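J.: Got a predicted structure plus its sequence, pasted below:
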Amino acid sequence: MRHRESAGSLLYRRGLTASVRLEVLLAHPGGPYWADKDAGAWSIPKGGVDRGETALEAAIREFREETGFDSSAPYLALGSVVQRSGKTVHAWGFEGDCDPAAACSNVTSTEWPPRSGRLIEIPEIDRVSFFTIDDARRVINVGQMTLLDRLLEKIGT
């Protein structure tokens, strides 16, 4: 059963250089379907909210599972958005840093090619990268773009 509700985290870092004042970490989905997709394909690391789990707990767990990195408080509530698919995404921002080259995602099974009956193992996320806000707007899933605006409002940038 597909989750209609998910939760995720938006890691941000600031002050790297005078010209790059803020960057956010986004994740690119793994697997052959997404291999050649860029604009609109990237997302905050997120996943389904399990029964008995709060959305924040799910966001913290999913960030760790999909990136291999820990998140840290304080968490900034960024609210919820509804993507075109109808999925509700609850999100939190947090400040930190990491080496995107060291990211390590969990794996999942998917049917490929579609309707073939053949299951393949793929990483949920094949890579993560830091983006300036302008570049993030170009690549993020359009349903999550509001989260970038909310983050900017929360941190006063």
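T.: That came in fine, so what should we check first? Numbers count the residues shown, from 1 in each chain.

J.: strand partners of the strand ranked longest in the chain, parallel vs antiparallel please.
T.: The single longest strand within the chain, with elements called by DSSP state E, is strand 5-14. Partners of strand 5-14 in the sheet, by DSSP bridges, are strand 22-29 (antiparallel), strand 46-48 (antiparallel), strand 88-95 (parallel).

J.: Please tabulate the ones you listed in TSV, including the columns mean pLDDT.
T.: TSV is the format used below for these (pLDDT from 0 to 100):
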stretch	mean pLDDT
strand 22-29	97
strand 46-48	95
strand 88-95	98
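
J.: for those, which one sits closest to L56?
T.: strand 88-95 (6.2 Å; Cβ to Cβ). (C-beta placed from N, C-alpha, C; glycine too.)

J.: quick one: buried residues of that closest one?
T.: Within strand 88-95, the residues that count as buried by 16 or more other Cβ atoms under 10 Å are 88-94.

J.: Then stretch 119-133?
T.: Using 16+ other Cβ under 10 Å as the test for burial, stretch 119-133 gives 122-125, 128-131, 133.

J.: Stretch 94-101 now?
T.: Across stretch 94-101, burial judged by 16+ other Cβ under 10 Å covers 94, 98.
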